[in-house]
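Peer 1: Task: produce atomic coordinates for the following.
(chains A, B, C and D)
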There are 2 protein chains.
Amino acid sequence: MSVLTGGKLKLIQAALRLINQSRSLTSLGLRELAREAGLNPNTFYRHFKNLDEFGLQVLGYIAEDMKSGVRELRQMAESSEQASHDTVTFVYHYFLANPAATTVAVRELHGPSPLLRRALESQLDASAREMAEDIIERQLVSAVPQETIHEISRMTIRYILFRAMDYIEKPAQREAIQQETERFINRQFRGAMLDHLSQTDVENLAQKYA
Amino acid sequence: MSVLTGGKLKLIQAALRLINQSRSLTSLGLRELAREAGLNPNTFYRHFKNLDEFGLQVLGYIAEDMKSGVRELRQMAESSEQASHDTVTFVYHYFLANPAATTVAVRELHGPSPLLRRALESQLDASAREMAEDIIERQLVSAVPQETIHEISRMTIRYILFRAMDYIEKPAQREAIQQETERFINRQFRGAMLDHLSQTDVENLAQKYA
DNA sequence: CAACGGAGTAGACAGTTGTATACTTTGGTT
DNA sequence: AACCAAAGTATACAACTGTCTACTCCGTTG
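Peer 2: Residues are numbered from 1 along each chain as shown, chains lettered A, B, ... in the order given. The predicted model follows:
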């Protein structure tokens, strides 16, 4: 990505500011943007062809920022449960520190613009792939096939994003949301370990260890 | 809910039609609505005080429709896996048959209007509660505490809604999405049966039955 | 039959939007 | 110092928006 000149950056940051005040990226107007950025409306055209292109660039800006955050996530962890706890803690803190970016992602993932949707989807899948490869590499849940780890990673990423809005908006529930998310992940992996058993097998098992 | 007179119904249906063509409820304009409904813009004011109230009424209309659909869901099922399969099949078919309602729900659940968000949340929680009580009543997964069943139900409802958009839009992936959702549910419940075990216990178990 | 109120219409208002054209300012290169 | 492209500005336009007031129509009730 090229260096952002003053006006371009100002416009993108104005968008993030407006989105934070409960707006959606696709609903932002060109003049509104320029007003918030303290620029002349037509300056917009110097940097972007239209609002669609603008949306994509905002997404790119966010993605780059998020990438650099996720890099720090490659820490050591003794066990898979430890890893899930650390990862969940980190990710939610990242969301909390970047509410606007998070809001954009959640809103536009199912928003009206197919263009932005596709872009976001592929970014989420990339994150999920990274997460899965990390889990596989560190052999955190060796009892589960790799394809299943990928699937659970995809589900988890989406679930966390889903909960991120509540996490940001409801401070009193943050701890509860985090613990709930950890249970979600652990149950998925534990359940996956039993994928090859029949239902009656699992029931017997549950009774035996009750 | 009172009987809908001609114009009111026309406006609500116009909204659903517009939303189906990739729009969001909160972004609809009063004149746009009236145009689509074939009415004079001012007729809107005969039925609604403003656009916020309109949104709420659309939500109510959808909720009522959805309720009557979910009622049919109370069928017999031999096992929990059977039940999850039946439920998932039914719910996705319902979404497919009501794409506009589904789109509204997904978009506004994280949309810019706090009012609509709260309303939708409580509707989803009501559905989750119903699902959980059904599972408990029919003793489908007796090895899991009731509170956990409620938690998993809430997660499942949200997850399904999350996937509903893809289900609607990508016919080729429908079977895959449905199977993936079933795996999601079964893993949650199976994993929850092992909630009280330590991680090493689970690992030993997995090795023993590998 | 008359009166009434709900439903729908007509026209007008100020304000906003995206866009086009034409202009000025700025910073860097030769 | 001269030049040039990039960045930013000014003005104007048609189209659209939400809302107001004033009107007509029509079925119900008295």
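
Peer 1: So what's the gap between the helix or strand hosting A:Ile185 and the chain middle?
Peer 2: Counting by DSSP states H and E, the element that carries A:Ile185 is helix A:174-193. Taking Cα atoms, centre = their mean, to the nearest Å, one finds helix A:174-193 lying 17 Å from the centre of the chain it belongs to.

Peer 1: Following element in sequence after that helix, please.
Peer 2: That would be, after helix A:174-193 and using DSSP H and E, helix A:199-208.

Peer 1: Convert the C-alpha atoms of that following helix to PDB, please.
Peer 2: What follows is helix A:199-208, C-alpha atoms only, in PDB (Å, rounded to 0.1, in the frame of the first residue of the first chain):
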ATOM      1  CA  GLN A 199     -24.200 -40.900  19.500                       C
ATOM      2  CA  THR A 200     -24.800 -43.800  21.800                       C
ATOM      3  CA  ASP A 201     -21.100 -44.200  22.300                       C
ATOM      4  CA  VAL A 202     -20.900 -40.600  23.500                       C
ATOM      5  CA  GLU A 203     -23.900 -41.000  25.700                       C
ATOM      6  CA  ASN A 204     -22.400 -44.000  27.400                       C
ATOM      7  CA  LEU A 205     -19.100 -42.100  27.800                       C
ATOM      8  CA  ALA A 206     -20.900 -39.200  29.400                       C
ATOM      9  CA  GLN A 207     -22.700 -41.500  31.800                       C
ATOM     10  CA  LYS A 208     -19.500 -43.300  32.800                       C
END
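
Peer 1: which secondary structure elements does it contact?
Peer 2: helix B:174-193 (3 or more Cβ pairs under 8 Å, 6 or more residues apart in numbering or on different chains; DSSP states H and E). Just so you know, the C-beta spots here come from the backbone N, C-alpha and C atoms, and that holds for glycine as well.

Peer 1: Can you tell me the centre-most residue of chain A?
Peer 2: A:Leu161 (4.7 Å; Cα atoms, centre = their mean).

Peer 1: In contact with that residue, which residues?
Peer 2: A:102, A:105-106, A:109, A:124 (Cβ atoms under 8 Å, 6 or more residues apart in numbering or on different chains).

Peer 1: would you turn those residues into CSV with secondary structure, pLDDT and neighbour count?
Peer 2: As requested, the contacts of A:Leu161 are exported to CSV (DSSP: H, G, I helix; E, B strand; the rest coil; pLDDT from 0 to 100; neighbours: other Cβ atoms under 10 Å in any protein chain shown):
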residue, secondary structure, pLDDT, neighbour count
A:Thr102, helix, 92, 23
A:Ala105, helix, 92, 24
A:Val106, helix, 93, 22
A:Leu109, helix, 92, 21
A:Leu124, helix, 90, 16
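
Peer 1: Check chain A for the residue nearest DNA strand D and tell me.
Peer 2: Of all residues in chain A, the one sitting closest to DNA strand D is A:Gly7 (2.4 Å; Cβ to the nearest atom of the strand).

Peer 1: Surely that residue and A:Asn42 touch.
Peer 2: No: counting by Cβ atoms under 8 Å, A:Gly7 stays clear of A:Asn42, with 10.9 Å between them.

Peer 1: Which of these two has more residues huddled nearby?
Peer 2: Using other Cβ atoms under 10 Å in any protein chain shown, the more surrounded residue of A:Gly7 and A:Asn42 is A:Gly7, with 17 against 10.

Peer 1: Would you list the phi and psi of A:Asn42?
Peer 2: Backbone torsions for A:Asn42, taken as degrees, to the nearest 10, come to phi -70, psi -10.

Peer 1: Leaving out the residues flanking it, which one is nearest to it?
Peer 2: Using Cβ to Cβ, 6 or more residues apart in numbering or on different chains and skipping residues adjacent in sequence, the residue nearest A:Asn42 is A:Ala34, 8.0 Å away.
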